[in-house]
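[1] Predicted model follows, preceded by the sequence.
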Amino acid sequence: MCSGYTLLRDPHHNKGLAFTENERDAHYLRGLLPPAVFNQELQEKRLMHNLRQYDVPLHRYMALMDLQERNEKLFYKLLIDNVEELLPIVYTPTVGEACQKYGSIFKRPQGLYISLKEKGKISEVLKNWPERNIQVIVVTDGERILGLGDLGCQGMGIPVGKLSLYTALGGLRPSACLPVTIDVGTNNQKLLNDEFYIGLKHKRATGQEYAELLEEFMTAVKQNYGEKVLVQFEDFANHNAFELLSKYSSSHLVFNDDIQGTASVVLSGVIAALKLVGGKLADHKFLFLGAGEAGTGIAELIALEMSKQTKAPLEETRKKIWLVDSKGLIVRSRIGSLQHFKQPWAHEHEPVKELIDAVKAIKPTVLIGSSGVGKTFTKEVVEAMTSLNEKPIILALSNPTSQSECTAEEAYTWSKGRAIFASGSPFDPVNYEGEVFVPGQSNNAYIFPGFGLGLIISGAIRVHDDMLLAASEALAAQVSEKNYEKGLIYPPFTNIRKISANIAAKVAAKVYDLGLASHLPRPKDLVQYAESCMYSPLYRKYR
Ligand SMILES: O=C([O-])CC(=O)C(=O)O
Ligand SMILES: [Mg+2]
């Protein structure tokens, strides 16, 4: 460990005013700090006080990023202790705005940038990163950042934010987490015209050039960090997302958060919602607006769970699930022009163009928005769902808040308080005719930290769908009677580390059962083991 001035500038070891008198003597800090000695609680109180002075969420984001670069332990302590308040800052929706403005708020670089310029040298680039023992990589190519589209190199905010949650919510060590942005150019004309844009200023490379860069990256990752490093794909465009996942799932430990993480969290919410609306999964009918990564990923996991429960073949259970894309209901007659990931959902039906007509024709009990386009669950749509169902389940998943299919207030008002509603980005509780409705947040942040922890602690070498199902069931099992009474289908984020430990334990158990674990022998109590592995944000004493 370094000392003196350098120690104060090392975010992994710096404690700021919390250095004790003894530490100040022993580590040449005398005079470099004002005389007051604060404990971590007081530092935390002071920082929360300062943060709350900012009215603009982006300013809070910048203050938190500064803290992360100054004093890592304090940053995580703050995040863990104030998760409900700070999640919307370091994560959706504010992280979306941060990516959009990344060029102008950019100070010190975070994460690792791998652009076409690094082609042929990626393994060396990885060695420039200061840490060696990497356990989780979150990687994006910036082409589909939340529902905001192509933000190119500025997508870096997403891997950085996701990995902060890996540590805060899932307990992975910060030094074991590596955020990566792959820059192959951008098709965002505004960025290409912006003199302050930080990425490559040309159109996106595609085809072979793209595939080769990713292949080199995936190979270098395995070479440098071994077989057990988890690579989480995040916010790739549909085509590449599906292709990368299928290409690397048999050779690497890979997980696509937008396809699989979102699927797992939504399935969990639906399982929980059955307690409120009754019936089994197979008694319900699902309609999606949006047939990309999230839509088809969720649809497939629901069909899989239905098939497990009823023993009916997957082809049969898929028929309970319908998807609408930008061209209307996905039906058999469109099969010739459908991308392959949409084809399993092309059922026999006459063409239907508009969502509202699809709702009326299909009569779903569950409506799920996953198109990345905001304001698409109109009053008419919500009213139609309400006339069909005593308690319609409505999930507006698109992020950030600006892209949400409807707001919580709209869902409750238009359904006259009958909707069971959750959304990808957070909404405040709604007062409707004197009753308070608390919307849940159906966001993969519930799943990926615990899921990743489960893979890491078991030493998993591959991801299997059964592990996603285990994660869904583990999360749903943690919704309490109290939560249900409020209409919630997710537990609050307050206890997320406990929730993550339970998810991790169930995922790890599945890894062991499937014979895909390399961490042996299998720990007896997996929940306890998961908790014991978690990173602590408390300061250590320096001698
Ligand atoms: O980041 C989030 O809030 C959820 C997510 O993966 C996405 O919207 O792409
Ligand atoms: Mg995402």
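    Noted; the coordinates are in hand. Ligands and ions are numbered 1, 2, ... in the order given.

[2] Going by C-alpha atoms from here, please, whenever you check contacts or count neighbours.
    Fine.

[3] So what's the residue count around residue 540?
    As a burial measure, residue 540 scores 10 neighbours (other CA atoms under 10 Å).

[4] where's the helix or strand hosting residue 294 relative to the chain centroid, distance-wise?
    Taking DSSP states H and E as the criterion, residue 294 maps to helix 293-310. Put simply, helix 293-310 sits 19 Å off its chain's centre (CA atoms, centre = their mean, to the nearest Å).

[5] Flag the shaky bits of the stretch 401-543 of the chain, pLDDT-wise.
    Scanning the stretch 401-543 of the chain for pLDDT under 70 picks out nothing.

[6] Can you show me the helices along it?
    408-414, 448-458, 465-476, 481-485, 496-513, 526-532 (DSSP state H, counting those that start in this stretch).

[7] Compute the inter-axis angle for the helix holding residue 294 and helix 465-476.
    Per axes from the mean of the first three to the mean of the last three CA atoms, to 10 degrees, the angle that helix 293-310 makes with helix 465-476 is 90 degrees.

[8] Quick check: what element follows helix 293-310 along the chain?
    helix 314-317.

[9] Now that next one: buried residues?
    314, 317 (16 or more other CA atoms under 10 Å).

[10] Which residues are in contact with the closest residue in space to residue 111 that isn't next to it in sequence?
    Excluding the flanking residues, the one nearest residue 111 by CA to CA, 6 or more residues apart in numbering is residue 179, at 4.7 Å. Counting by CA atoms under 8 Å, 6 or more residues apart in numbering, residue 179 makes contact with 110, 111, 112, 137, 138, 139, 156, 159, 160, 163.

[11] Any idea what residue 179 is bridged to?
    Going by DSSP bridges, residue 179 is paired in beta bridges with residue 138.

[12] Report pLDDT for the residue in the stretch 101-250 of the chain that ligand 1 sits nearest to.
    Distance from ligand 1 to each residue of the stretch 101-250 of the chain (CA to the nearest ligand atom) is smallest for residue 146, at 4.0 Å. Residue 146 is assigned a predicted lDDT (pLDDT) of 97.

[13] Same check on residue 109?
    85.

[14] One more: residue 273?
    97.

[15] what about it, how many residues close to it?
    Neighbours of residue 273 (other CA under 10 Å): 24.

[16] Tell me which residues are up against the helix or strand bottoming out on mean pLDDT in the chain.
    None of the helices or strands of the chain scores lower by mean pLDDT, DSSP states H and E than helix 102-105, at a mean of 85. Residues from elsewhere that reach helix 102-105, judged by CA under 8 Å, 6+ apart: 62, 98, 154, 157, 196, 197, 198.

[17] Which positions in this protein make contact with ligand 2?
    234, 235, 258 (CA under 5 Å from the ion).

[18] out of these, who's near ligand 1?
    235, 258 (CA under 6 Å from any ligand atom).

[19] Any chance of the residues of the chain next to ligand 2 in TSV with pLDDT and secondary structure as columns?
    Putting the residues of the chain next to ligand 2 into TSV (pLDDT from 0 to 100; DSSP: H, G, I helix; E, B strand; the rest coil) gives the following:
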residue	pLDDT	secondary structure
234	98	coil
235	98	coil
258	98	helix
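
[20] want to throw the residues of the chain next to ligand 2 into JSON lines with neighbour count?
    Output for these, formatted as JSON lines (neighbours: other CA atoms under 10 Å):
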{"residue": "234", "neighbour count": "26"}
{"residue": "235", "neighbour count": "26"}
{"residue": "258", "neighbour count": "25"}
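
[21] Quick one: neighbours of residue 513, just the number.
    Counted by other CA under 10 Å, the residues lying close to residue 513 total 10.

[22] Return the distance of it relative to residue 474.
    16 Å (CA to CA, to the nearest Å).

[23] so residue 150 makes contact with residue 186?
    Yes - the criterion here is CA atoms under 8 Å, and residue 150 meets it with residue 186 at 6.7 Å.

[24] per the record, what domains does the chain have?
    Domains of the chain are assigned by the TED database as 4-90, 109-256, 272-442, 445-533.

[25] And ligand 1, is the shortest one touching that?
    No - counting by CA under 6 Å from any ligand atom, no contacts exist between domain 4-90 and ligand 1, the nearest distance being 9.2 Å.

[26] can you pull out the strands in this protein?
    112-115, 136-140, 177-183, 230-233, 253-256, 286-289, 321-325, 328-329, 366-369, 393-396, 420-423, 430-432, 435-437, 440-441 (DSSP state E).

[27] would you list these in CSV and tack on distance to residue 531?
    Shown next, in CSV, are the strands of the chain (distance: least, CA to CA, whole Å):
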stretch, distance to residue 531
strand 112-115, 29
strand 136-140, 18
strand 177-183, 18
strand 230-233, 19
strand 253-256, 22
strand 286-289, 36
strand 321-325, 37
strand 328-329, 45
strand 366-369, 34
strand 393-396, 31
strand 420-423, 28
strand 430-432, 35
strand 435-437, 33
strand 440-441, 24
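
[28] Now residue 511: closest residue in space that isn't a chain neighbour?
    residue 517 (5.5 Å).

[29] Report the separation between the one you found and ligand 2.
    27 Å (CA to the ion, to the nearest Å).
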